[in-house]
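>>> I would like to see how this sequence folds:
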Amino acid sequence: MQITYLLPTFLVLHLTALVLMAGTTLVDYLAYSSFWKFADQGSRPDALLNTMARLPRVAGIGAAVLIISGIGMMAVTHGVFGEQLWFRIKFALVLLVILNSLLIGRRQGLKLRKLLEAGELVFTTEVARIKSNIKTFHRLQLLLFSLIIFLSVFKFN
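Purely as a prediction, here's the structure:
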């Protein structure tokens, strides 16, 4: 592959990974919304739960491709973007996306799965808190992705 095609190739991979991560977050948000509706009716949608269990892996693959392609773009451009303010803010937002996923999203999902494995989902204050935390997690993730896209389009110095 010629060097002139490396940057566009990395950029396509980078944007695809970003769309994969943001899209997976949106699908996860919608799946949880459906799950809570089923739970309110007293039913347990096992097919939906199985699908929801696979979504973090898809987002993780997107994150890995995003990081690798980002490193590739920085290598090809010799780090020219690394000195710009918009990139530094974007990089911090990407770190927040990863931290939010690991510290809030993953933990709340595991707590919910443990409650589901223990028995029927009964709405208690703990379940209400998990529901609220998961909703906040998704909204924050989508906001962070929107800000990342905004910064990527309107590159200011």
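
>>> lowest confidence element among the helices and strands of this structure?
helix 106-118 (a mean of 86; mean pLDDT, DSSP states H and E).

>>> Give the buried residues for the next helix-or-strand element following it.
Going down the chain from helix 106-118, the next helix or strand is helix 125-153, by DSSP states H and E. Under the neighbour-count criterion of 16 or more other C-beta atoms under 10 Å, helix 125-153 has 127, 130-131, 133-134, 137-138, 140-141, 144-145, 148, 151 buried. Every residue, glycine included, has its C-beta placed from N, CA and C.

>>> Reformat those as a markdown table; add distance to residue 17 and pLDDT.
Putting those into a markdown table (distance: C-beta to C-beta, whole Å; pLDDT from 0 to 100) gives the following:
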| residue | distance to residue 17 | pLDDT |
| --- | --- | --- |
| 127 | 33 | 84 |
| 130 | 29 | 92 |
| 131 | 29 | 92 |
| 133 | 26 | 95 |
| 134 | 23 | 95 |
| 137 | 20 | 96 |
| 138 | 19 | 96 |
| 140 | 20 | 97 |
| 141 | 15 | 96 |
| 144 | 15 | 97 |
| 145 | 12 | 96 |
| 148 | 12 | 94 |
| 151 | 16 | 92 |
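
>>> Cheers, nothing more for now.
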